[in-house]
Structures are given as structure tokens and as C-alpha cells.
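Visitor: Show me the folded form of this:
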Amino acid sequence: MPYAHAADGVALYYEVHGPDERPPDAGGPESEHAGPPALLLIAGQSNSRRWWDPVRGDFEGAFRVITMDHRGIGHSDKPDDDSYSTRGFAADAVAVLDAAGVRRAHVYGTSMGGRVAQWLAVDHPARVDRLVLGCTSPGGPHAAERSAGVTRSLAQHDAAAVRRALLELMYTPEWLAAHPGPYRTIGERGTPPHVLRRHRLASHRHDAWDALPAITAPTLVVHGEDDVFNPAANAPLLAHRIPGAALQLIPGARHAYFEERRDVASPLVLGFLTGAT
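Guide: Numbers count the residues shown, from 1 in each chain. Have a look, this model is predicted:
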């Protein structure tokens, strides 16, 4: 299995999909693989590369698609230390790009993955071609916070009740009735408690507000209009803060807009990344 290694030695699992896939032992960025442009997909909090399984194929015809397991998740190492932060996850993503032999990639991050993508574009601008930030937030005191009711629904002691609440925040009732699962967006099974705690803190502590104006990559901000898990009010905050960013709200969509409304979201993102729109 292909692994990258972060600066602190943590092993990070990744996969490459799509046309002309790069072999796992192809070397570092100095031997960049010729072929289709690369697209790095970054998943949400406490979720693995499987987050993208329902829609990854929408991008494989145009890009070599790279997915990864955050530190602590899936096949990646699971240290119990203070190395978990959205800015640190961005550095991990650079290690993955290095291992995959990619100097520059389009980056599409959703939810906490969008927070990570912000830092990737700020700290490593030469590595980011076009940037898509989905259902995410600038973090910190300037962000639009979820309501107390949503927070209470996720803090229940009944695990089944929390799962139901999370699903209802991700998808509309109509979509849930027609799609019995499996659901890839409600956390990776078997994740240790210390990792869940550290991922939650990393996401909560994210604050890129002061750094966002430094982003130079062409940026698209996408959000479900009915998202109350990460309130849709965060989308215009990001779009106004990032120079030249475009904004697209998807009517009727909740947090997992990219899956439930893939008929709208995937063509929208593809058009932006290929320069068609």
C-alpha cells in the first residue's frame, strides 16, 4: 500500500485513481509523473478517503485523483500527541503530494477538509493550482457558528441518536429514505477515541481569517443552502475574504451537498477546475 511520511515520521496512507495512474513507487516531486493534471480531495473531520467514494469517479476522467487518510484515520498512523491541527493536516497533504510525485495540484476540500485546504493554499501556494472549498468555514470568532440546538443534538449520550442527528444534518429526509447506506460521511468506523477527540479539537481551533486574503489560487466556494451543521452563512464570508473567489450555493442541499446533489455539484466543480466555467 502507498504511504507518504510526514515531517514527524507519521505514515499517511493515500491512493491515486484515474487515467494513467502513478505507481506507488514512482518517486518524489522531482520526478513528476507526466499525464493528466492531479486533483487532491481532502475529507472531513474523522473521515477517511472513503468520504469521497460516492463521487470520486466523477473526476477520474479528467484528473489523476489523489485521496488520503488524515493522520489518525483509516490506514494512517494514529499518534496520541499534539500534532493534530488543520495547518498540520495541510503539511501532511504536501507530504502526500510529494510521495505521489505531484508538484502542483487542484485541491478540493470539504468540511474540515476545506479548512485544511485553506492552509494548504496559504502556506504552500506553489503546490495549489485551483482551489475548491466546500461546506466549510474560516473558523475563529468571525465564523458563523451552528445553533445551540444542533450542538445539543450531537452531544447526546445515546450513540444511535447522535448518528440519526448527524445523518439528518448531512442529508435531506427524502434522500435518506431512498438511500439506506452505507454512509461515508459520518465518521470512519473503528477510529480510536483519542483521535476523535483530537480531530474535533483541530477543527474547532481552526482560524484562518487573517490569512485568507493571502490566497492567490483561483477559488470556488460551494455550500448547501440548507446546511446548518456548518452554517451556509460561512460561504459568503469565505468568498468575500479570498481575493476573486466565486460563490455557489446549492438550493435545498445540506452538509453533504457533494453527494446528495452530485448532479449539480460535480459538474459545477469540474467546470471550474477545467476552466470551462
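Visitor: Apart from its chain neighbours, what residue comes closest to Ala265?
Guide: Excluding its sequence neighbours, the residue lying closest to Ala265 (Cβ to Cβ, 6 or more residues apart in numbering) is Phe258, at 4.8 Å. Quick note: C-beta positions are derived from backbone N, CA and C, even for glycine.
Visitor: Assumed the one you found was part of a helix.
Guide: Yes - assessed by DSSP: H, G, I helix; E, B strand; the rest coil, Phe258 belongs to a helix.
Visitor: For Gly224, see how far away it is.
Guide: Distance of Phe258 to Gly224, given as Cβ to Cβ, to the nearest Å: 9 Å.
Visitor: list residues touching both of these two?
Guide: Cys135 (Cβ atoms under 8 Å, 6 or more residues apart in numbering).
Visitor: Provide a complete list of residue ranges assigned to helices in the chain.
Guide: Taking DSSP state H as the criterion, the chain carries its helices at 86-99, 112-123, 148-153, 159-170, 173-178, 193-204, 234-241, 257-260, 262-274.
Visitor: and of the ones you listed, who's closest to Phe63?
Guide: helix 262-274 (7.5 Å; Cβ to Cβ).
Visitor: List the buried residues in that closest one.
Guide: Arg262, Val264, Ala265, Ser266, Leu268, Val269, Leu270, Phe272, Leu273 (16 or more other Cβ atoms under 10 Å).
Visitor: just stretch 158-171 next, same as before
Guide: Val162, Ala165, Leu166, Leu167, Glu168, Leu169, Met170, Tyr171.
Visitor: Which residue is the nearest non-sequential neighbour of Met112?
Guide: Nearest to Met112 is Gln45, by Cβ to Cβ, 6+ apart, at 3.8 Å.
Visitor: Isn't that neighbour up against Arg200?
Guide: Yes - in this structure, Gln45 is within contact of Arg200 by Cβ atoms under 8 Å, at 6.8 Å.
Visitor: So for these two, which sits in the more crowded spot?
Guide: A direct count of neighbours by other Cβ atoms under 10 Å for Gln45 and Arg200 places Gln45 higher, at 20 against 14.
Visitor: Now do the same contact list for the more buried one.
Guide: Contacts of Gln45 by Cβ under 8 Å, 6+ apart are Ser111, Met112, His199, Arg200, Ala202, Ser203.
Visitor: switch the cut-off to 7 Å
Guide: Taking Cβ atoms under 7 Å, 6 or more residues apart in numbering as the criterion, Gln45 is in contact with Ser111, Met112, His199, Arg200, Ser203.
Visitor: just Tyr257 next, same as before
Guide: Tyr257 neighbours (Cβ under 7 Å, 6+ apart): Cys135, Gly224, Ile250, Ala265.
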